[in-house]
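Asker: need a 3D model of the following:
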Amino acid sequence: MTQWNDKSWQKEFLNMKSHSPSDAKLLMGGTKGLKDSWRLGVLHVEYERLKKAQEQQQQ
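Answerer: Okay, here's the model as predicted:
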């Protein structure tokens, strides 16, 4: 389970694929409001899907 203050996934996700400038800024700088929090949650779900796919390819 990911801790609420664990930002290691954000750094890893930045290196996994290309991101829009606004998403990259959000991943590096953190949230400023409700909209940013929602978007960060969406990015985290995408990260989990990509991570799972990578792990399955390695097996």
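
Asker: would you list the phi and psi of Ser18?
Answerer: Backbone torsions for Ser18, taken as degrees, to the nearest 10, come to phi -80, psi 150.

Asker: OK, contacts around it?
Answerer: With C-beta atoms under 8 Å, 6 or more residues apart in numbering as the criterion, no residue contacts Ser18. Heads up, the C-betas are built off the backbone N, CA and C, glycines and all.

Asker: could you report the pLDDT at it?
Answerer: With respect to pLDDT, Ser18 has a value of 95.

Asker: Ser37 and Thr31, how far apart?
Answerer: Noted for Ser37: a distance of 5 Å to Thr31, by C-beta to C-beta, to the nearest Å.

Asker: let me fix that, I meant to ask about Ser20.
Answerer: 16 Å.

Asker: how about low-confidence regions in the protein?
Answerer: Along the chain, the model assigns pLDDT under 70 to residues 1-4.

Asker: quick one, helices of it?
Answerer: For the chain, helices defined by DSSP state H occupy the ranges 8-16, 21-29, 34-58.

Asker: name the helices or strands packed onto the last one?
Answerer: I take that to be helix 34-58. helix 8-16, helix 21-29 (3 or more C-beta pairs under 8 Å, 6 or more residues apart in numbering; DSSP states H and E).

Asker: so for Lys51, which of these sits nearest?
Answerer: With C-beta to C-beta as the measure, helix 8-16 is the member of the helices and strands packed on helix 34-58 nearest Lys51 (7.9 Å).
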